[in-house]
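1. Mind folding the following:
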Amino acid sequence: MDASAAEPLGPARHRLDPAGGCPHALNARLMTRGAVAPVLLPDDVPGAVVLGHDALREFLAHPDVAKDARHFAALADGRIPQGWPLRTFATVPGMTTADGDDHRRLRSLVSRAFTARRVEQLRPRVVELVDGLLDSMERAAAADGVVELRRHFALPLPMSVICELFGVDVEFRERLHHLSSQVVATDTTAEEAVAANQEMVAVLARIAAARTREPGDDLTSALLAARAEDGDRLSPEELIGTLMLFVVAGHETTLNLITNAVRALCGHREQLDLVRAGAATWSDVVEETLRWDSPVSYFPFRYPTRDLTVDGTVIPRGTPVLAGYSGAGRDPGVHGADAAQFDVTRPAKGRHLSLGHGPHYCLGAPLARLEATVALERLFARFPGLDLAVPDDELPAHSGFVGNSVLRLPVRPGPSTADR
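-> Prediction:
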């Protein structure tokens, strides 16, 4: 549009709650003002969030939008403290903070492992893991009929898969999940943020050292071999940053996706009935969950490299911008007047942005879809009467405003078909 007709972003009018919470009511309020909203990040750092579907799609693929933190004006000016809770998102070396040739170089090192064909080859192992976790769920529920689904099912599945892919020994996995939760949180103190980041780097360095001593058929060993063949291809810092990205994003987002899908189906039994009747598929459930209750709400960061007009609003150069996936998923301008309804028969499947768009589209999307589809299908086949053990509105919200889910999901599995 004509830049002369654009409105400036204006002062930040809403301070994002570092403790997080359900984003949907806030998104609806912010979108009454437009697809782009000014916000205050922790420590009153001015930023923006792009919430509208079309505006976000344009922004994610815009050539004048960067991921490299040298374009983050407040960071370059020394106004971001070392313990800022979102600093790791901006500064971790790797493909999420790289642009252009650097981004293509880093992405190419692991992209072949995440093609649809290679991921499909993991299906038997995913099925095996799921069935083992369902057995564990049944045992855990034996005492009082209740089991915490996140801890016993939604977490260990993606954590096991991503750690097996990268050759991460079992002894590290529980600690890595704890540290991942700290790294992505937005309500930590400066001391907690620094300590979690430092320990995460130290643990990942131990994993890299183990694979250096004993290479295996895993991606960490492959990355180390690439570095050995050509030292310019992957620096030690980029290796740790790449491991951090895949360990954190490789399980946190799928954990939230599975959790959110189970909540959605338990709260909309008629939708579950449609799947069982063959009117929709489990893939449809996954896509509608990604749209309706995105596992990532506001993802940091992108920076305009010049004053940029997005949907009639000028975002100043160097502004840290959040990708508002949870808002875009319920944009009535794209998804219709019933955008706030969960509907597994909704047309135009995949018309959401929850896995990104443009050059930084989620590399692990095929794997996340496979894990979630297998998990949901086999979960509800094994426990057809599964339901929440507490009312949905009593479930504690996820800490922080980056991830979007609940902290715990107690369920009553009910009778198991394995007993029949």
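
2. Low-confidence regions, the stretch 301-420 of the chain specifically.
-> 349-350, 419-420 (pLDDT under 70).

3. Off-centre distance for stretch 251-268?
-> Offset of stretch 251-268 from its chain centre (Cα atoms, centre = their mean, to the nearest Å): 12 Å.

4. Now the strand or helix carrying residue 253: buried residues?
-> In the assignment (DSSP states H and E), residue 253 maps to helix 236-267. Neighbour-count burial for helix 236-267 flags 238-266 (criterion: 16 or more other Cβ atoms under 10 Å). No exception for glycine: its C-beta is placed from N, CA and C like everyone else's.

5. likewise stretch 193-208?
-> Across stretch 193-208, burial judged by 16+ other Cβ under 10 Å covers 193, 194, 196, 197, 199, 200, 201, 203, 204, 207, 208.

6. Secondary structure of the second one: a helix, I assume?
-> This means residue 194. Yes: counting by DSSP: H, G, I helix; E, B strand; the rest coil, residue 194 is found in a helix.

7. Next, count neighbours for the nearest residue to it once chain neighbours are set aside.
-> Nearest non-adjacent residue to residue 194, counting by Cβ to Cβ, 6 or more residues apart in numbering: residue 83, 4.9 Å away. For residue 83, the count of nearby residues is 16 (other Cβ atoms under 10 Å).

8. Secondary structure class of residue 83, three-state.
-> Following three-state DSSP, residue 83 is assigned to coil.

9. Please look at it and residue 189 and confirm they touch.
-> Yes: using Cβ atoms under 8 Å, residue 83 is in contact with residue 189, at 7.2 Å.

10. what about residue 309, is that helix, strand or coil?
-> Assignment for residue 309 (three-state DSSP): strand.

11. That one - nearest residue in space that isn't next to it in sequence?
-> The shortest distance from residue 309 to any non-neighbouring residue, by Cβ to Cβ, 6+ apart, is to residue 6 (4.4 Å).

12. what's in contact with stretch 148-156?
-> Residues from elsewhere that reach stretch 148-156 (Cβ atoms under 8 Å, 6 or more residues apart in numbering): 129, 133-134, 136-137, 140, 177, 251, 254-255, 258-259, 262, 375, 379, 406-411.

13. tell me which residues in it are buried?
-> For stretch 148-156, by 16+ other Cβ under 10 Å, it's 148, 149, 150, 152, 153, 154, 155, 156.

14. tell me which strands and helices the helix or strand that comes right after the helix holding residue 253 is in contact with?
-> Once helix 236-267 ends, the next helix or strand along the chain (criterion: DSSP H and E) is helix 269-276. When contacts are defined as 3 or more Cβ pairs under 8 Å, 6 or more residues apart in numbering; DSSP states H and E, helix 269-276 packs onto helix 236-267, helix 282-292.

15. In JSON lines, list those along with mean pLDDT.
-> Formatted as JSON lines, the helices and strands packed on helix 269-276 follow (pLDDT from 0 to 100):
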{"stretch": "helix 236-267", "mean pLDDT": "94"}
{"stretch": "helix 282-292", "mean pLDDT": "97"}
